[in-house]
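Engineer: quick check, what structure comes out for this input:
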Amino acid sequence: MISAIFFDYDGVLTTDKTGSLTTCRYVSQAIGIDVLAVQAAFRPHNEELTLGKTTHVEIWPAICHTLGKDVSFALLREAFESTPINAGMFSLARGLKGKYHLGIITDNKKDRMDHLKSFQGLALLFDPIVVSSEVGSSKQNTEIFCGAMNYLDLEPETCVFIDNNRANLAVPSALGMQTIFHDDEKNDIAGLAKALVALGVVVENAA
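Structural biologist: The predicted model follows:
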């Protein structure tokens, strides 16, 4: 019997495949530097940001140096806020609220998710919100998933995890969690609802 449904953030609850894509695209357009150059400036820092070993504030001078431009840090917060929500997925989640525990498990930067928790009101719908940079573990390790389940005191077989990267389903599946791949390019919300129903989840208006 399913008790909790955990969503990945970028590519599932948003319509961009990754948060790096969202951030770099916004910065690129705002300062007039090619997106590939912006991505190259961020790339050396991504792993440490994702595992909580550094913050955007700490690396911002290096980013500006690499780009050859003094960019206001406020632009980064604007980039976070440009994250496009997946309205259909949020609607699905709201329909599940009250019947199941809903949570987020994401490989992400702490300062970005802290800002988006407030800006998008994520905590009103999802609890827990487990972020790799806060637990020091990515979805390639068990800690981030065990932390989410331990928070709710649930066994793996009662939990579902949804991600848009098949590689991120290997660890939770090995733990015994139910897993669903969501193709972010197709963004088939109805198909996802049917996959949840197949696991015994009660979904309103599911065909």
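Engineer: going by C-alpha atoms from here, please, whenever you check contacts or count neighbours.
Structural biologist: OK.
Engineer: need the contact list for residue 160.
Structural biologist: For residue 160, the contact set (CA atoms under 8 Å, 6 or more residues apart in numbering) comprises 2, 4, 5, 6, 177, 178, 179, 180.
Engineer: what is the neighbour count of residue 203?
Structural biologist: Using other CA atoms under 10 Å, residue 203 has 16 neighbouring residues.
Engineer: pretty sure it contacts residue 192?
Structural biologist: No: counting by CA atoms under 8 Å, residue 203 sits too far from residue 192 to count as a contact (10.2 Å).
Engineer: so can I have CSV of the contacts of residue 160 showing pLDDT and distance to residue 55?
Structural biologist: Formatted as CSV, the contacts of residue 160 follow (pLDDT from 0 to 100; distance: CA to CA, whole Å):
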residue, pLDDT, distance to residue 55
2, 97, 36
4, 98, 31
5, 98, 29
6, 98, 25
177, 98, 31
178, 98, 33
179, 98, 31
180, 98, 31
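Engineer: top of these by neighbour count?
Structural biologist: Highest count within the contacts of residue 160 by other CA under 10 Å belongs to residue 6, 26 neighbours.
Engineer: so which of the contacts of residue 160 are in helices?
Structural biologist: Counting by DSSP state H, the contacts of residue 160 place none of their members in helices.
Engineer: and for this structure, the residue most distant from the center?
Structural biologist: Distance from the centre of the chain peaks at residue 68, with 30.1 Å (CA atoms, centre = their mean).
Engineer: contacts made by stretch 122-142 with the rest, please.
Structural biologist: Taking CA under 8 Å, 6+ apart as the rule, stretch 122-142 contacts 49-53, 93-94, 97, 101-110, 113, 116-117, 143-145, 147-148, 151, 168, 170-172, 175.
Engineer: quick one, which of those residues are buried?
Structural biologist: In those, burial by neighbour count holds for 49-52, 93, 101-110, 113, 116, 143-145, 148, 168, 171-172, counting by 16 or more other CA atoms under 10 Å.
Engineer: looking at those residues, which are in strands?
Structural biologist: 101, 102, 103, 104, 105, 106 (DSSP state E).
Engineer: ok, those residues vs residue 13, which is closest?
Structural biologist: The nearest member of these to residue 13, counting by CA to CA, is residue 104 at 9.1 Å.
Engineer: can you pull the contacts of the residue farthest from the centre of the chain?
Structural biologist: Under the criterion of CA under 8 Å, 6+ apart, residue 68 has no neighbours.
Engineer: any idea how far the residue nearest the centre of the chain is from residue 49?
Structural biologist: Centroid-nearest residue in the chain, with CA atoms, centre = their mean: residue 9, separated by 2.2 Å. Counting by CA to CA, to the nearest Å, the separation of residue 9 from residue 49 is 16 Å.
Engineer: pLDDT below threshold where in the protein?
Structural biologist: Scanning the chain with the threshold set as pLDDT under 70 gives 205-207.
Engineer: which residues of it fall in helices?
Structural biologist: 19-31, 35-42, 46-50, 56-67, 74-81, 87-96, 110-119, 132-135, 143-152, 170-175, 189-198.
Engineer: send the alpha carbons of stretch 92-112 over as CSV?
Structural biologist: What follows is stretch 92-112, C-alpha atoms only, in CSV (Å, rounded to 0.1, in the frame of the first residue of the first chain):
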residue,chain,number,x,y,z
LEU,A,92,-1.6,16.1,-10.1
ALA,A,93,0.2,16.6,-6.8
ARG,A,94,-2.5,18.8,-5.4
GLY,A,95,-5.0,16.1,-6.2
LEU,A,96,-2.9,13.6,-4.2
LYS,A,97,-2.5,16.0,-1.2
GLY,A,98,-4.2,14.7,1.9
LYS,A,99,-4.4,11.1,0.8
TYR,A,100,-0.6,10.6,0.6
HIS,A,101,2.6,12.1,2.0
LEU,A,102,4.1,14.2,-0.8
GLY,A,103,7.8,15.0,-0.9
ILE,A,104,10.7,16.2,-3.1
ILE,A,105,14.0,14.5,-3.5
THR,A,106,16.4,16.5,-5.6
ASP,A,107,20.0,16.9,-6.5
ASN,A,108,20.2,20.6,-6.2
LYS,A,109,22.0,23.7,-4.8
LYS,A,110,20.9,24.7,-1.3
ASP,A,111,20.6,28.5,-1.9
ARG,A,112,18.6,27.9,-5.1
